[in-house]
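Visitor: Following is a predicted model, sequence given first.
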Amino acid sequence: MATRRPARATTGASKKALQEKGLSPAARKYVEAKLDRQRRQSDEGRKQSEARVRQGRARAAAAKTGPVDRSRPTDRGLGGEQVEGRQAVRELLIAGRRKVFEVAVASDLRVEGAIADILEIAADQRVPVVEVNRRKLESVARSEAPQGVIARAAPLPEVEVAELLGSRRPGRPPFLLAVDGVTDPGNLGALLRSAEGAGVTGVVLPRHRAVHVTPTVAKAAAGAVEHLRLCLVSGIPSFLQRARQSGLWVLGFDDAAERTLFEVGDFGRSPVVVVVGAEGTGLARLSRERCDLLVRIPMLGRLSSLNVSAAGALALYEVARQRQTG
């Protein structure tokens, strides 16, 4: 008994062959439809196979050169294992808060300025320094401009919420920054740099659906991540509720708020959490509801709002100003 061969995808020639077989119009229509379905399924299978090949090649490339910078965090923690850029690597070594395994520098760099500092501190701390070809160094970089230097280090340490909320040193009540869903590494890095400069005592980041400390973040922060206490929480709204219960004022930013930043009361002596929202969407609804006060940045020109990192910098330094004069 002859075995039945599977039907192949139809073409213009195969349709013409069906017509020559003398099938009725209804039968011919049924067979053509069946062959068309098989063709679509074959095309779909081919596309899936090609996609799997591309994914495999991408994984192999990532294993060789290091993963690209991602805006979404992993579940491993804060990150920060790869530090790029002269100022970021210099501050990593100066802070001495975590172990540095190796510093790689491009072989064509001139030993001066920050590079000279990096080499001197690394030698003093007995951190291995290796010279590599610039092209090779840039092939493993995960930021746009590593400036000829990359360090590998232990992950950034996480601080517990209770430690941030319970830090009540005389004359310096808690001054926290909560970042609600920021996904752009450049924005987070700029926020962290402003936070460190303004004297923030801790930064709170959501564990999911937000950027953590990628190489781009660390570079944009110019080493600020090495001096800040950073905390990951399951959700910003629940953290804000706990902060309020611990006696902290929660100051949130909303473009639609009635009051401006410069109309708020004196936070010079008060423990406070400044909350900034995601790019474009701002604060999440639950985060907004858990704020004691919502304010906006006054816009005197034609634009309706500022970038989140610029707005956050203004807010943090206004609180810092009040603390200095309060």
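Guide: Everything's here; your move. Residues are numbered from 1 along each chain as shown.
Visitor: would you list every one of the strands in the stretch 151-300 of the chain?
Guide: Secondary structure of the stretch 151-300 of the chain (DSSP state E, counting those that start in this stretch): strands at 175-180, 202-206, 230-233, 249-253, 259-260, 272-277, 293-296.
Visitor: so can I have TSV of those showing mean pLDDT?
Guide: TSV is the format used below for the strands of the stretch 151-300 of the chain (pLDDT from 0 to 100):
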stretch	mean pLDDT
strand 175-180	95
strand 202-206	96
strand 230-233	96
strand 249-253	93
strand 259-260	90
strand 272-277	94
strand 293-296	91
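Visitor: and G166, which of those is closest to it?
Guide: Checking the strands of the stretch 151-300 of the chain against G166 by Cβ to Cβ gives strand 202-206 as the closest, at 10.7 Å. The C-beta positions use only the backbone N, C-alpha and C, and glycine is treated the same way.
Visitor: Relative to that closest one, what are the paired strands and their orientations?
Guide: Partners of strand 202-206 in the sheet, by DSSP bridges, are strand 175-180 (parallel), strand 230-233 (parallel).
Visitor: export the strands of the stretch 151-300 of the chain to a markdown table and tack on distance to G148?
Guide: Compiled in a markdown table, the strands of the stretch 151-300 of the chain are given as follows (distance: least, Cβ to Cβ, whole Å):
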| stretch | distance to G148 |
| --- | --- |
| strand 175-180 | 30 |
| strand 202-206 | 29 |
| strand 230-233 | 27 |
| strand 249-253 | 38 |
| strand 259-260 | 44 |
| strand 272-277 | 33 |
| strand 293-296 | 42 |
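Visitor: Export the ones you listed as TSV, with columns for mean neighbour count and distance to E158.
Guide: Output for the strands of the stretch 151-300 of the chain, formatted as TSV (neighbours: other Cβ atoms under 10 Å; distance: least, Cβ to Cβ, whole Å):
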stretch	mean neighbour count	distance to E158
strand 175-180	25	15
strand 202-206	23	10
strand 230-233	20	6
strand 249-253	23	22
strand 259-260	12	34
strand 272-277	25	18
strand 293-296	18	29
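Visitor: So for V83, which of those strands sits nearest?
Guide: Smallest distance to V83 across these (Cβ to Cβ): 14.5 Å, for strand 230-233.
Visitor: what sits opposite I150 in the beta ladder?
Guide: Beta bridges link I150 to E84, A104 when assigned by DSSP bridges.
Visitor: Can you get me a residue count around it?
Guide: When neighbours are defined as other Cβ atoms under 10 Å, I150 has 26 of them.
Visitor: OK, contacts around it?
Guide: I150 makes contacts with 82-84, 89, 103-104, 137, 140-141, as judged by Cβ atoms under 8 Å, 6 or more residues apart in numbering.
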